[in-house]
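> Predicted model, plus sequence, below.
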Number of protein chains: 2
Amino acid sequence: MRAEIITIGDELLIGQVVDTNSAWMAERLNENGIELFQITSVHDNREHIIAALDEAFSRADIVFTTGGLGPTKDDITKQVLCDYFGTHLIEDTQVRAHIETLYQDRPDVLNRLTATQWLVPESATILENRVGSAPLMIFHRGDQLLACMPGVPYEMKIAMEEQILPYINNLKFKISNFRFREILHRTLQVTGIPESSLAILLEDFENSMPEGLHLAYLPKDGVIRLRLSSYGELTEAQMAHSFEQLKKLTADYLIAETDEPLEVVVGNILKSRHQTIATAESCTGGSLASLLAKHPGSSAFYFGSVVSYDNSVKEHMLGVPEEMIKAHGVVSEEVVCKMANNIRIQIGTDYAIATSGIAGPSGGSPEKPVGTVWIAWATPDGTTAECFHLGKLREQVIARTCQKALVGLLKLLNHKS
Amino acid sequence: MRAEIITIGDELLIGQVVDTNSAWMAERLNENGIELFQITSVHDNREHIIAALDEAFSRADIVFTTGGLGPTKDDITKQVLCDYFGTHLIEDTQVRAHIETLYQDRPDVLNRLTATQWLVPESATILENRVGSAPLMIFHRGDQLLACMPGVPYEMKIAMEEQILPYINNLKFKISNFRFREILHRTLQVTGIPESSLAILLEDFENSMPEGLHLAYLPKDGVIRLRLSSYGELTEAQMAHSFEQLKKLTADYLIAETDEPLEVVVGNILKSRHQTIATAESCTGGSLASLLAKHPGSSAFYFGSVVSYDNSVKEHMLGVPEEMIKAHGVVSEEVVCKMANNIRIQIGTDYAIATSGIAGPSGGSPEKPVGTVWIAWATPDGTTAECFHLGKLREQVIARTCQKALVGLLKLLNHKS
């Protein structure tokens, strides 16, 4: 079963919006045994949308579209689909009732433009968009299917999970060519080895992999994700066997046995041990805190942070002596260790991480160029610190500092297990 | 001049990686007068890449590819391009010298796989990848052109800015059909009006817009971005005129006259007034801090944050009395005002923002369901607070809280201007 995604919107093609929908949908499709063949982003333009639909239907069983369903003039997807499938718009009383209920406390929204949202293509199957006014539409075309959703990420997500995927899964009983394959992915994460050296280490493994098994290397911010994939050709047991081999071969560099973000891996270990962590951040400016706080359940292990962007905050809220900053500079082993130790004591956690560095573009010096970062880890057994050189681009320095901080903590945690 | 982007990599089609490259490239292309027609993401698969190239060349003058240039087996782009353009790999001594210099301190990287990186297609023009080992390749095909770059975002960005775009801009003197149009976008941001009501307000404006001018509505997290676009048909003066009209019509809702993120708009105002800000965050967990800190030059106005994820941090580091939390709950006007006032005094800034809410998925109650958020703004003239209901999805609650916090501050700052 092959699917394609067409994302519709000028904003995607002028760079005003990053398409985060497709990756999320791709993951859900794979979980449901549906291979995603291609993603295509097109303009809010009639001929362009139609050409993309023709091409997608020449390759795929299911086509998903997102975007272009708002009530404003620039959104044309619904009308184009009517023409494409040779149907026309009619009022849907159920959609109307839903929209009137949705906005019952906001009479200003119930205007004549919003009223166009309850006009739907006559030949489409309409599914309820619980959280918005744009109806979800399914078009059948022989044994093929088109599912049309809004581009607003949270509306799309709820639509996929509650309506579209259940509807498609149901079709396997109705349409004979709707066969779902078991798509398996297993990912582990390694650090401390160059990608090419890792590939040489795994050469024999890779040459003797079972037919239908694929190995991919995904390096980012100093961590390489190694992914094994099978599209319906391996059993779970065969996949597990190959994954165990891969784990053994990479044991010296292994930091995680799943594809989860490192802050989740860290959080799961801390939660299982009933331990806690705090952070004191300078150059990462709250990024490390936001990573640790962003996943559900993080309050069980993550207690808080002091973001000491200005030196006065380091002095007054983190107790870093002014003389220490004068003697060693803010980007120094002494200061970063002091930050980590003090935040750990002040907040009363088991662990603490502190960061101090030069994210750039300004602030560098010959001795400490942009990208110089000190990270300290305070633990119940003492404090360690390390200096890194993490590139020249501000956003990259911030992202890599967070990854290095988490990798360092993971090593300490794994060492204790 | 039309361009297309083909992003290559299985990781994009199984949802393991979000394609952030395309949006960034799209923006650069528009700035350089090149319209991006389509973005296509394909698998690391020979036939798939070739089919995508054929289709892109049937529509566009320039095709950009990213991805698939690593030294490992799963990366096949370079070999496929050799076959597509009927050429073969040869050693490039300049690329070899560059890679040997790049890794001179890391002999472990200079292995036989890395050595494949200095093999390049004979017919391609090779440009230097200053920060990585994968060479940048340009293929000419009649008056058409293909530019091939690595998928690692920061390598791609440096390649585009330093090599690829200058190379393409140079071609306008050499290839007659390389004509760059002046692509103009102007965006303003409004809040406090539903999208459909805004469209009704702008109906006359939209119906009488000059030929070649397009208006787009981009709602997100409570803010609507209104974008005017012209692809070579309007002059700057005509665009400015229409933009002024749009500003007047939306004056009651206007919060920003550019497409910049709100934290940049806030930052620019504060910098111009030599004023400063701090934050005290509960439910946003450092996200607001990381937004304020992420842009270059933010240390001029952003001083720091206390992320008080655990109540003990609210008490001990922000001075919120235990009895106040007991009496009103942490998600309350009293607590959030106290947080804002105290962080403003402790860090000594002009402004402070505090957030406290229930991001979910757990922690809600009938009285204070998931999505309930209090935000306080402490200013030299006093402190105000407001309660919001920002949905049910954790990531959405966090993102919307940040936007509401910035919108609230912008209103206060604009009021003072």
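That came through fine.
> Chain neighbours aside, what residue packs nearest to residue A:296?
Distances taken as Cβ to Cβ, 6 or more residues apart in numbering or on different chains place residue B:361 nearest to residue A:296, at 5.3 Å, with adjacent residues excluded. To be clear about C-beta, it is placed using only N, CA and C from the backbone, and glycine gets the same treatment.
> Contacts only, for that neighbour.
Remark: with contacts taken as Cβ atoms under 8 Å, 6 or more residues apart in numbering or on different chains, residue B:361 is in contact with A:296, B:370, B:394.
> Ok, residue A:15 next?
B:22-30, B:36.
> Please parse chain A into its domains.
Domain ranges of chain A: A:2-173, A:183-256, A:262-416, per automatic domain parsing.
> Quickly compare these and say which is most buried.
Neighbour counts (mean count of other Cβ atoms under 10 Å in any protein chain shown) averaged over each of the domains of chain A peak at domain A:262-416, with a mean of 21.
> Distance from the chain centre to it, please.
23 Å (Cα atoms, centre = their mean, to the nearest Å).
> What of stretch A:9-22?
With Cα atoms, centre = their mean, you get 16 Å for stretch A:9-22.
> longest helix of chain A?
Assignment by DSSP state H gives helix A:394-416 as the longest helix of chain A.
> quick check: mean pLDDT across it?
The average pLDDT for helix A:394-416 rounds to 93.
> Ok, stretch A:32-51 next?
The pLDDT scores in stretch A:32-51 average 97.
> circling back to that earlier point, I'd like the contacts of residue B:361 as JSON lines, with distance to residue A:150 appended.
Listed next are the contacts of residue B:361 as JSON lines, based on distance: Cβ to Cβ, whole Å:
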{"residue": "A:296", "distance to residue A:150": "24"}
{"residue": "B:370", "distance to residue A:150": "22"}
{"residue": "B:394", "distance to residue A:150": "20"}
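> quick one on the thing from earlier: of the contacts of residue A:15, closest to residue B:380?
Closest approach between these and residue B:380, by Cβ to Cβ: residue B:27, at 37.3 Å.
> what's near enough to touch the closest one?
A:14-16.
> Please repeat the previous calculation with a cut-off of 10 Å.
A:14-16, B:36, B:185, B:259 (Cβ atoms under 10 Å, 6 or more residues apart in numbering or on different chains).
> Tell me where the stretch 1-150 of chain A has helices.
For the stretch 1-150 of chain A, the helices defined by DSSP state H, counting those that start in this stretch occupy A:10-13, A:21-31, A:46-57, A:77-84, A:93-102, A:112-115.
> Mind giving me the packing neighbours of the last one?
This means helix A:112-115. helix A:93-102, helix B:195-201 (3 or more Cβ pairs under 10 Å, 6 or more residues apart in numbering or on different chains; DSSP states H and E).
> Of all the ones you listed, which one comes closest to residue A:44?
helix B:195-201 (14.6 Å).
> does chain A sit close to the closest one?
Yes - interface with chain A: helix B:195-201 contributes B:195-200 (Cβ under 10 Å from any Cβ of the partner chain).
> Please name the residues that touch residue A:110.
Taking Cβ under 10 Å, 6+ apart as the test, what residue A:110 contacts is A:99-100, A:102-104, A:133, B:194, B:196-197.
> hmm, try it at 6 Å
If you count contacts by Cβ atoms under 6 Å, 6 or more residues apart in numbering or on different chains, residue A:110 has them with residue A:103.
> just the residues of the stretch 151-300 of chain A that are near chain B, which are they?
Within the stretch 151-300 of chain A, the positions near chain B by Cβ under 6 Å from any Cβ of the partner chain are A:154, A:194, A:196-197, A:199-200, A:216-218, A:285-287, A:289-290, A:293, A:296, A:299.
> Cross-check the contact I'm expecting between residue A:221 and residue A:400.
Yes - contact criterion Cβ atoms under 6 Å: residue A:221 and residue A:400 qualify, at 4.7 Å.
> tell me which element residue A:385 falls in.
Element membership for residue A:385, per DSSP states H and E: strand A:382-389.
> same deal with residue A:240?
Using DSSP H and E, the element containing residue A:240 is helix A:236-249.
> Against residue B:309, how distant is residue A:274?
16 Å (Cβ to Cβ, to the nearest Å).
> Ramachandran coordinates for the residue lying closest to residue A:175 once chain neighbours are set aside?
In this structure, residue A:175 finds its nearest non-sequential neighbour in residue A:143, 5.3 Å apart by Cβ to Cβ, 6+ apart. With angles defined as degrees, to the nearest 10, residue A:143 sits at phi -90, psi 10.
> Give me the helices and strands touching the helix or strand harbouring residue A:317, please.
Using DSSP H and E, residue A:317 sits within helix A:311-318. In terms of contacts (3 or more Cβ pairs under 6 Å, 6 or more residues apart in numbering or on different chains; DSSP states H and E), helix A:311-318 is packed against strand A:302-308.
> Direction included, what does the strand it packs on pair against?
Using DSSP bridges, strand A:302-308 pairs in its sheet with strand A:277-281 (parallel), strand B:302-308 (antiparallel).
> quick one, the shortest one and helix A:311-318 angle?
On the basis of axes from the mean of the first three to the mean of the last three Cα atoms, to 10 degrees, strand A:277-281 is oriented at 150 degrees to helix A:311-318.
> can I get the CA coordinates of the next helix or strand after strand A:277-281 in PDB?
Using DSSP H and E, the helix or strand that follows strand A:277-281 in sequence is helix A:287-293. What follows is helix A:287-293, C-alpha atoms only, in PDB (Å, rounded to 0.1, in the frame of the first residue of the first chain):
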ATOM      1  CA  SER A 287      16.700  25.800  25.200                       C
ATOM      2  CA  LEU A 288      17.800  23.000  27.400                       C
ATOM      3  CA  ALA A 289      15.000  23.700  29.900                       C
ATOM      4  CA  SER A 290      12.400  23.800  27.100                       C
ATOM      5  CA  LEU A 291      13.700  20.400  25.800                       C
ATOM      6  CA  LEU A 292      13.500  18.800  29.200                       C
ATOM      7  CA  ALA A 293      10.000  20.400  29.900                       C
END
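> if we can go back for a sec, any idea of the pLDDT on the residue nearest to residue A:175?
91.
> right, and it touches residue A:177 too?
Yes - with contact defined as Cβ under 6 Å, residue A:143 reaches residue A:177; the gap is 5.1 Å.
> three-state assignment of residue A:224?
Secondary structure for residue A:224, judged by DSSP: H, G, I helix; E, B strand; the rest coil, is strand.
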